[in-house]
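1. This is the structure alone, sequence omitted:
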């Protein structure tokens, strides 16, 4: 079973701070949070997993009166991850209240367990 969250976090470092947990209301914004939605064996060869299908959720957060910043950051996130071989299959702008803006996106890919190469799923 592969863990691509650290590789994804590294790709997103230049956009905003990246965390693996939902931000606290008093947190410094903007922030990007990552979480794994699913990680399943896609191909098994000779009794060992060879290709995993992985889905992750990326949330972009900012404390602003309008969503312009999160929309701009979400575009940058999508461009970076698409260039790495992930496919975005969900995106939604969510108004959290209290001036917090959030864009939720979900991506999927297939990962070779031996080479760690990422393929579109």
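-> Done, it's in. Because the structure is a prediction, the values reported are computed rather than measured.
2. Residues contacting the longest helix anywhere in the chain, please?
-> For the chain, the helix with the greatest residue count under DSSP state H is helix 68-83. For helix 68-83, the external contacting residues (CB atoms under 8 Å, 6 or more residues apart in numbering) are 8, 11-12, 15-16, 30, 32, 58, 60-62, 64, 88, 91, 93, 101-103, 105, 107. From N, CA and C alone the C-beta is placed, and that goes for glycine too.
3. Which of those residues fall in strands?
-> Judged by DSSP state E, the subset of the contacts of helix 68-83 located in strands is 32, 58, 60-62, 88, 91, 93, 101-103, 105, 107.
4. most neighbours, which of the residues you listed?
-> The most neighbours of any of those, using other CB atoms under 10 Å, belong to residue 60, which has 29 neighbours.
5. Tell me which residues touch that one, please.
-> By CB under 8 Å, 6+ apart, the contact set of residue 60 is 16, 30, 32, 70, 73-74, 77, 102-103, 105.
6. hey, what's it bridged with?
-> On the basis of DSSP bridges, residue 60 takes part in beta bridges with residue 32, residue 103.
7. which secondary structure elements does the worst-scoring helix or strand of the chain on mean pLDDT contact?
-> Among the secondary structure pieces of the chain, namely its helices and strands, strand 118-119 has the lowest mean (mean pLDDT, DSSP states H and E), a mean of 86. Applying 3 or more CB pairs under 8 Å, 6 or more residues apart in numbering; DSSP states H and E, one finds that strand 118-119 makes contact with strand 100-112.
8. what's the angle from the strand it packs on to helix 68-83?
-> Taking axes from the mean of the first three to the mean of the last three CA atoms, to 10 degrees, one finds strand 100-112 and helix 68-83 inclined to each other by 0 degrees.
9. who touches the most far-flung residue of the chain relative to its centre in this structure?
-> Of all residues in the chain, residue 46 has its C-alpha farthest from the mean position, at 31.2 Å, by CA atoms, centre = their mean. With contact set as CB under 8 Å, 6+ apart, residue 46 has no partners.
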